[in-house]
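In: take this sequence and fold it.
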Amino acid sequence: MRVPLSRVAHARSGDKGDGSNVGLIADTPEIFELLRAQVTAERVKEHFREVCRGAVERYEVPNLGALNFILHDSLGGGGTESLKTDAQGKTHGQGLLTLEIEVPAELLAEDR
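Out: Now for the predicted structure:
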């Protein structure tokens, strides 16, 4: 099934200067493996094409079942310089959760 990441993961985001830092945390180890395979830096870059002008880097944090993305040049100069509404990238985590991935139906929790 094709589902938004919000069905299978949580996110947290903030700023690193002019870059947004987005953590994506899988609900289960099985979901983490799907995230590793499907949520690439390239897909995240395309997903944020309207706001991210620089490169996207992905770091794996397997002991937490998480991926961390740095979206370079995405905050218009950062919190103290930008005129953007979200100059600290706080909404980028929620934005990432709208990205859709393929998930086998048996891995979807009934209570989500």
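In: how far does the helix ranked longest in the chain sit from the chain's center?
Out: Longest helix in the chain, counting residues (DSSP state H): helix 29-38. Computed by CA atoms, centre = their mean, to the nearest Å, the separation of helix 29-38 from the middle of its chain amounts to 13 Å.
In: tell me what whichever helix or strand comes after that helix is packed against?
Out: Moving toward the C-terminus from helix 29-38, the next helix or strand (DSSP states H and E) is helix 41-47. If contacts are counted by 3 or more CB pairs under 8 Å, 6 or more residues apart in numbering; DSSP states H and E, helix 41-47 sits against strand 56-61, strand 66-71, helix 92-96. Any C-beta I mention is one placed from the backbone N, CA and C, and that applies to glycine too.
In: pull out the buried positions in the worst-scoring helix or strand of the chain on mean pLDDT.
Out: Every helix and strand of the chain was ranked by mean pLDDT, DSSP states H and E. The lowest is strand 9-16, at a mean of 86. Residues 9, 11, 13, 15 are the ones in strand 9-16 that count as buried (16 or more other CB atoms under 10 Å).
In: and the next element down the chain from it?
Out: As assigned by DSSP H and E, the chain's next helix or strand after strand 9-16 is strand 19-26.
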